[in-house]
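> pasted the sequence and its predicted model underneath.
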Amino acid sequence: MARKRIREDEEAAVDLTPMLDVVFIMLIFFIVTTSFVKEAGIDVNKPKAAQAQKKPTATIFIAIRPNGEIHMDKRIVDIERVSATIEKLLAESPTDTVIIQADREAKHGVVVKVMDQIKAAGIDKISIAADTGA
């Protein structure tokens with residue numbers, strides 16, 4: 001009789017290993033497919049524009065400060081390294097748009113040089129961030 005009871009207890013056990021494997025694989029899938037938005041990491045005084053429009057978010061932001069500092073991926077980047085940094089960021093998360101967040105006091109020449117570097121990296125869609133006139 002005791003042997004029969006032991007067999008019944010063994011058969012009643014539920015093996016949770018396959019369920020845990022599936023949950024773990026789903027967790028990895030969601031972590032890998034989630035896109036993270038990386039902003040330039042600094043606040044700039046954007047110029048006001050009456051015709052400013054909301055654009056879809058991009059994954060590459062470039063901030064230009066009034067003193068000419070260029071910030072990408074939360075660090076200062078030299079103007080000659082903008083193209084290489086964009087190529088590195090494109091390898092991590094491909095996009096077709098770059099948003100430039102230039103301070104209203106930033107020099108026009110620096111902004112144009114940054115735009116040239118963006119074009120050299122192979123991106124044709126460049127947006128300039130501005131505050132709405134309202």
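Thanks, I have the structure now.

> domains of the protein?
With automatic domain parsing as the criterion, the domains of the chain are listed as 2-33, 48-132.

> excluding chain neighbours, what is closest to I70?
V77 (5.0 Å; Cβ to Cβ, 6 or more residues apart in numbering). All C-beta atoms are positioned from the backbone trio N, CA, C, and that covers glycine.

> mind listing what that neighbour touches?
I70, H71, T85 (Cβ atoms under 8 Å, 6 or more residues apart in numbering).

> and the average pLDDT for the strand or helix carrying the last one is what?
With elements delineated by DSSP states H and E, T85 resides in helix 82-92, which encompasses its position. Model confidence over helix 82-92 averages 87 on the pLDDT scale.

> mind listing what's buried along it?
Of the residues in helix 82-92, V82, S83, T85, I86, L89, L90 count as buried by neighbour count, 16 or more other Cβ atoms under 10 Å.

> ok, for the fourth one, nearest residue in space, not its chain neighbours?
On the basis of Cβ to Cβ, 6+ apart, the spatially nearest residue to I86 that is not a chain neighbour turns out to be A121, at 3.9 Å.

> okay, now the one you found: neighbour count?
Here the count is done by other Cβ atoms under 10 Å, and A121 has 18 residues near it.
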